[in-house]
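1. Let's see this in three dimensions:
(one chain, ligands or ions: 1)
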Amino acid sequence: MTDRIPVTVITGYLGAGKTTLLNRILTEQHGRRYAVIVNEFGEIGIDNDLVVGADEEIFEMNNGCICCTVRGDLIRIIEGLMRRRGKFDAIIVETTGLADPAPVAQTFFVDADVKDAARLDAVVTLADAKWLLDRLKDAPEAKNQIAFADVIVLNKTDLVTPEELEEVEARIRGVNPYARLLRAVKADVPLSAVLDQNAFELDRILEIEPNFLVVEEHDHDHDHGHRHHHDHDHECGPECGHDHHHHDHEDHGHEEHSHKEHSHALKAYHDEDIQTVAIEHGGEVDPERFVPWLNELTQRDGPDILRCKGIIAFTNEPRRFVFQGVHMILDGDLQREWRADEKRRSKLVFIGRKLKEAEIREGFARTVA
Ligand SMILES: Nc1nc2c(ncn2[C@@H]2O[C@H](COP(=O)(O)OP(=O)(O)OP(=O)(O)O)[C@@H](O)[C@H]2O)c(=O)[nH]1
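-> Residues are numbered from 1 along each chain as shown. Next up is the predicted model:
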């Protein structure tokens, strides 16, 4: 399974910086060969000078990237790419700014041949620091794009004040507490923080403390933003099981810094339309019950489940079961073994609209071994 080609879906509202990011990927010397699929809507900013044989549907960039424009059917394009397997290591798809990214992401799992060959690596959402707050109010697509994301690039931070930046980050967290959040100017994120995310982002599930959304004090603004002044450590005693050191500084220059570091008075919001259900369980899970439950849940409530993902500890299984889904399309497999220094804990996250939280929790509880 691991040799399936990773697919990165780049999404984001009109003008957020998708093409800017794509241009960086296409021009940077990164030693990887990407097949890039862009749709022809809106302004495609790929500089024609960079393109060899630009009138072809599939063309090659000077850093080895293969580029195609979706003029026809996405499946047909992907099938064309699959015939060129071996010529590239990964696929990047840029979606149009107005589109719901789900159908694009799903395309990679519905067609049997494509599914065998490709896996969704991450949904990367570009967000415009200046305009996102407005779009969250008036554009459901913009909110969906945030909710879907595994990685959010908060771009155009040069156009806002530090206070505005904190506000927009808090709003993003209200919609999607689990995505990796990177600040950027002209999409200047390290590509390693955006591409080839699979293992990394899944390992990171639940690492961001959902507790920072705990509501302490209401202010009654029109969209019920809840804000509070939060000292990140004050709720937890010495018995606390939380890991307070999630800062992942590794190689990520623009990594979102800890709440402590860049904010002493962190605002927290619960978004009204989008909910997150996060479940963590310390014991074993019975695969015979878990897999059918997850399938049924996503088949039935798929339209409302924008995104789900999880790492599961199955009984008598040394490997971690890792799954993710977009609406009713699910993808899961047994991956690496649990390490000796690692607790066998199952973690699941569902992000969506009108989620039936109690039912999801009860359903999961019945799969516990
Ligand atoms: N000030 C500022 N401008 C930026 C930044 N990033 C991109 N831009 C500009 O914003 C405009 C839109 O950027 P694009 O990359 O084309 O955005 P897009 O998401 O591809 O836009 P659509 O294709 O219309 O959906 C361009 O003029 C960019 O040069 C940034 O960080 N700061």
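2. ok, stretch 137-153 near the ligand or not?
-> No - residues of stretch 137-153 are not located near the ligand by Cβ under 6 Å from any ligand atom, the shortest gap being 9.5 Å. C-beta: built from backbone N, CA, C; applies to glycine.
3. now do the same end-to-end measure for that stretch.
-> Its start and end residues considered, stretch 137-153 measures 19 Å (Cα to Cα, to the nearest Å).
4. after the lengthiest strand in the chain comes which helix or strand?
-> Counting residues, the longest strand in the chain under DSSP state E turns out to be strand 118-128. Using DSSP states H and E, the helix or strand that follows strand 118-128 towards the C-terminus is helix 132-138.
5. From the contact counts, what lies against that next one?
-> Under the contact definition 3 or more Cβ pairs under 8 Å, 6 or more residues apart in numbering; DSSP states H and E, helix 132-138 sits against helix 140-148, helix 162-175.
6. contacting residues around stretch 285-299?
-> 305, 308, 312-315, 317, 321, 323, 325, 327-330, 332, 346, 360, 363-364, 366-369 (Cβ atoms under 8 Å, 6 or more residues apart in numbering).
7. Lowest average pLDDT across the helices and strands packed on helix 132-138?
-> Lowest mean pLDDT within the helices and strands packed on helix 132-138: helix 140-148, a mean of 88.
8. Send over it as CSV, restricted to the C-alpha atoms.
-> Extracted in CSV, the C-alpha atoms of helix 140-148 (Å, rounded to 0.1, in the frame of the first residue of the first chain):
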residue,chain,number,x,y,z
PRO,A,140,-19.7,28.1,2.8
GLU,A,141,-17.1,26.7,0.4
ALA,A,142,-14.4,28.7,2.2
LYS,A,143,-15.4,27.2,5.5
ASN,A,144,-15.5,23.7,4.0
GLN,A,145,-12.0,24.2,2.6
ILE,A,146,-10.7,25.0,6.1
ALA,A,147,-12.6,22.1,7.6
PHE,A,148,-11.2,19.6,5.0
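9. Show me what from the stretch 51-200 of the chain comes close to the ligand.
-> 97, 126, 155-156, 158-159, 185-187.
10. out of those, who's nearest Pro140?
-> Distances from Pro140 to these, taken as Cβ to Cβ, are shortest for Gly97 (13.4 Å).
11. Got the confidence number for the closest one?
-> Confidence score, pLDDT, at Gly97: 64.
12. please renumber so the chain begins at 45
-> In the new numbering, first residue 45, that becomes Gly141.
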